[in-house]
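> Model the structure of this input:
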Amino acid sequence: DLHDENNWAYFSVLSAMRAIDVLLSLDFVDKENIFSCGLSWGGFLQLLLSAVDDRIKASSVIYSSAYISESEWGIKRLENLSENDRELWNDNIDPKNYLSDIKRPVFFTAGADDIAFKMECRRKTAESIKASVYFGLRKNFPHGNFIGFEQTESAEFFKKMISGEKIPQPEITFRSGKLTVKAFDGKSELKLYCTKDDVVATETQEWLEIKIANGETVEIKNDVTALFVTEKLNDGTQWSSNLLRGDQKC
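Next comes the predicted model:
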């Protein structure tokens, strides 16, 4: 029931579904290995597409998340809507309403410096998905599809989905204020990023970078509100844990 200018999400997802129809009609297409990737608002749409169409084997979401109205950036995007239309939008269009319907693996890439989609909203988005979720979070990854943009992890993720190889992810144990990290590859570079800022109340945060060794146990101070661990492989690709809240256990 929203106005025409606010129906773009519905028609964009429908267009993507029709594109999959076209791919499935072509003889030269490997119909068991269709993948989809979305950047920024495209990632927002990708979450919706993943929820309503499981013909894609896996998807990649770059920058984006659900829970748009829980960030200042998202609130500004919706400020021209009436209060009633904003409520309709949040209850019917925001991907948060459909995340539990996603049945295929999802890979998230984003930077902690992203000014559009909050790290906390991305954490909540990932934890609301029942399917397998993987991450390539990092400290610096500016939001923008600029000339020369390159993000190789999505292609590597899709290739590994086809081959059945294990997706690189650092293994984390976090209990009683102690964090232990086991690398996917013992030769890769591990870094811990932590912040004392309120990840709910602030759009971006200051992140302390700490190099850690494979198998090392690090004591996390009580004033740390959130953290994540990255692993950079020898091929240059970067993988990570999800964002963890300081009071979480895993």
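
> Which residues are in contact with the residue nearest the centre of the chain?
Centroid-nearest residue in the chain: Phe108, 2.8 Å away (criterion: Cα atoms, centre = their mean). Residues near Phe108 by Cβ atoms under 8 Å, 6 or more residues apart in numbering: 60-61, 122, 125-126, 133-137, 242. Quick note: C-beta positions are derived from backbone N, CA and C, even for glycine.

> wouldn't Ile75 be in contact with Arg86 here?
No: Ile75 is not in contact with Arg86 according to Cβ atoms under 8 Å; the separation is 9.2 Å.

> so what sits against both of these two?
Ser69.

> More neighbours: the two, which one.
Neighbours were counted for Ile75 and for Arg86 using other Cβ atoms under 10 Å; Arg86 has more, 17 against 12.

> The longest helix along the chain: which residues count as buried?
Identified as the longest helix of the chain according to DSSP state H is helix 8-25. Under the neighbour-count criterion of 16 or more other Cβ atoms under 10 Å, helix 8-25 has 9, 12-13, 16, 20 buried.

> And it, what does it pack against?
helix 41-52 (3 or more Cβ pairs under 8 Å, 6 or more residues apart in numbering; DSSP states H and E).

> for the helix it packs on, what is the average pLDDT?
Averaged across helix 41-52, the pLDDT comes to 96.

> ditto for stretch 183-201
On average, stretch 183-201 scores 95.

> for it, how far is the first residue from the last?
In stretch 183-201, first residue to last residue: 32 Å (Cα to Cα, to the nearest Å).

> tell me the pLDDT at the residue in the chain sticking out farthest from the centre?
Residue farthest from the centre of the chain, counting by Cα atoms, centre = their mean, is Asp27 at 32.5 Å. Note on Asp27: pLDDT of 96.

> Could I get the phi/psi values of it?
For Asp27, the backbone dihedrals are phi -60, psi -30 (criterion: degrees, to the nearest 10).

> gap between it and Arg18?
Using Cβ to Cβ, to the nearest Å, Asp27 is found at 19 Å from Arg18.

> Same question for Lys57.
Relative to Arg18, and taking Cβ to Cβ, Lys57 is found at 18 Å.

> just to revisit the earlier point, the helix or strand following the longest helix of the chain: how far from the chain's middle?
Downstream of helix 8-25, the next assigned helix or strand under DSSP states H and E is strand 35-39. Strand 35-39 sits 12 Å away from the centroid of its parent chain (Cα atoms, centre = their mean, to the nearest Å).

> Mind listing the strands strand 35-39 pairs with, and their directions?
Using DSSP bridges, the strands paired with strand 35-39 in its sheet are strand 58-62 (parallel).

> Tell me the buried residues in the first helix or strand past the strand it pairs with going along the chain?
Counting by DSSP H and E, the next helix or strand C-terminal to strand 58-62 is helix 72-78. Of the residues in helix 72-78, 74, 78 count as buried by neighbour count, 16+ other Cβ under 10 Å.

> Quick one: list the elements packing against helix 72-78.
Counting by 3+ Cβ pairs under 8 Å, 6+ apart, the packing neighbours recorded for helix 72-78 are helix 83-92.

> quick one: pLDDT of Gln151?
At Gln151, the pLDDT value in this model is 86.

> what do you get for the one 4 residues further on?
At Ala155 the predicted local distance difference test score is 94.

> so where is this structure shaky, pLDDT-wise?
1-6, 147-148, 249-250 (pLDDT under 70).

> for Leu244, phi and psi?
phi -110, psi 140.
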